[in-house]
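**Q** sequence first, then the predicted structure, then my questions.
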Amino acid sequence: MSQETGFVDLHVNGHAGVDFLTAKNPDEIRKATRSIKSHGVAGFLASLITSEMSDLSRAVKLIKEVAVSQGEDEAKILGFHFEGPCLSHERRGVHAPNLLKEPTPTLVSQLLNFPNVKMITLAPELPGGIEAIKEISSAGVVVSLGHTTAGRDIAEKAFDAGAKAVTHLYNGMEKDGGLVEVVLEREDILFQMIVDDVHVSRDLVKKACDKALDRLIVTTDALAAAGLGPGRYPFGDMEIEIKDGKALRLDGKLAGGIGTLNRSLEILEEMGYSQEKTLPSVTSRPLKLINAGR
């Protein structure tokens, strides 16, 4: 997959009304992959949020079935991104509190046993978090920190243990905390960020890009509602409403993205970052992170 063939998005929960966790059949998955492709994305990670292990297994099996026989009109499924279940209660966002778990060795090996797992988002401050990072990293799977209360000390330990990135910088963490500082300081760490004028203010985007544009990976955190207009749509076991350009849970909590990578690049250009400099953030860099740039 080359830069000429389209973008790469490491964080896609669904598209065109289809949620990857609750999709019922291969046709639904293909409806989503075609919609993703129509928005300029050549390849992506199917992101599955915190859920029951049985639901996770069913979703993985269905998506894998589609991944082995995709057409030219579909965005290529490059693997899986598990966002959870090892996340902080305080920073869980819309993840179900009753399904959050600590990263025990048993749970980690269950997650690693799934086929083609490329990335796992976890909170390193949880009991056993640092050990889990070592285990996951040594299995060749990317650990990305997210939905976390981690400050500077834990962040340093996590990155030293093998974590390579953060999931949606500034979201699901303290915006001006030690974790953000460490990410922007450390030249060995990549950061994923949602650039859609909703999740992160332009001031904060500028702060990160001025310091580390060469380590940016832009993601959409796209929901089932992406590619559609206003209305209500599924997200795991929740219902999401699209209103005024935002995806909100019915209680008003921000629940993911409905933007496009094309628009992200336009926003960055409006802010003074040329597409020549930002293009790697949606092409070669995400492929390199998940070691798929072959």
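**A** Sure, I can see it. Here the structure is a predicted model, which is why all the values come from computation and not from measurement.
**Q** which residues in the chain form helices?
**A** According to DSSP state H, the chain carries its helices in the segments 26-38, 53-67, 105-113, 129-138, 152-160, 178-185, 202-212, 261-270, 275-278, 284-289.
**Q** how about those helices in a markdown table, adding distance to A225 and mean pLDDT?
**A** In this view, the C-beta of every residue, glycine as well, is placed from N, C-alpha and C. Conversion of the helices of the chain to a markdown table gives the following (distance: least, CB to CB, whole Å; pLDDT from 0 to 100):
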| stretch | distance to A225 | mean pLDDT |
| --- | --- | --- |
| helix 26-38 | 11 | 98 |
| helix 53-67 | 18 | 98 |
| helix 105-113 | 27 | 98 |
| helix 129-138 | 30 | 98 |
| helix 152-160 | 32 | 98 |
| helix 178-185 | 28 | 98 |
| helix 202-212 | 23 | 98 |
| helix 261-270 | 15 | 97 |
| helix 275-278 | 25 | 96 |
| helix 284-289 | 22 | 97 |
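**Q** can you say which of these is nearest to R232?
**A** helix 26-38 (17.4 Å; CB to CB).
**Q** which strands or helices does the closest one pack on?
**A** Helix 26-38 sits against strand 14-15, strand 18-19, helix 53-67, with contacts defined as 3 or more CB pairs under 8 Å, 6 or more residues apart in numbering; DSSP states H and E.
**Q** closest one to M238 among those?
**A** strand 18-19 (9.4 Å).
**Q** what is the mean pLDDT for that closest one?
**A** For strand 18-19, mean pLDDT rounds to 96.
**Q** partner strands of that strand and their direction?
**A** Using DSSP bridges, strand 18-19 pairs in its sheet with strand 14-15 (antiparallel).
**Q** now what about the strand it pairs with, what contacts it?
**A** Strand 14-15 is contacted by residues 20-21, 23, 32-33, 35-36, 39, 222-227, 234-235 when judged by CB atoms under 8 Å, 6 or more residues apart in numbering.
**Q** winner for burial among the helices and strands packed on helix 26-38?
**A** Among the helices and strands packed on helix 26-38, strand 14-15 has the highest mean neighbour count (mean count of other CB atoms under 10 Å), at a mean of 31.
**Q** count the neighbours of D244 for me.
**A** D244 has 8 neighbouring residues, counting by other CB atoms under 10 Å.
**Q** my bad, I189
**A** Counted with other CB under 10 Å, the neighbours of I189 add up to 20.
**Q** now do N262
**A** Other residues near N262 come to 13 when the count uses other CB under 10 Å.
**Q** redo the helices and strands packed on helix 26-38 as CSV? Include distance to G146.
**A** Shown next, in CSV, are these (distance: least, CB to CB, whole Å):
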stretch, distance to G146
strand 14-15, 18
strand 18-19, 19
helix 53-67, 17
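**Q** give the buried residues for stretch 283-294.
**A** Across stretch 283-294, burial judged by 16 or more other CB atoms under 10 Å covers 283, 285-287, 289-290, 292.
**Q** biggest separation within those, which pair?
**A** For the buried residues of stretch 283-294, the farthest-apart pair by CB to CB is T283 and I290; their separation is 12.8 Å.
**Q** for Q70, which residues are in contact?
**A** Q70 touches 30, 33, 76-77, counting by CB under 8 Å, 6+ apart.
**Q** by neighbour count, which of these wins?
**A** T33 (28 neighbours).
**Q** so who does that residue touch?
**A** 15, 66, 70, 74-77.
**Q** can you tell me how far it sits from K206?
**A** 34 Å (CB to CB, to the nearest Å).
**Q** Q192 and A165 touch, don't they?
**A** Yes: judged on CB atoms under 8 Å, Q192 makes contact with A165 at a distance of 6.1 Å.
**Q** spit out the residues that contact the two alike.
**A** Common contact partners of Q192 and A165 (CB under 8 Å, 6+ apart): 144, 217.
**Q** tell me which of those two has more neighbours.
**A** Neighbour count, other CB under 10 Å: between Q192 and A165, Q192 has more, with 27 against 24.
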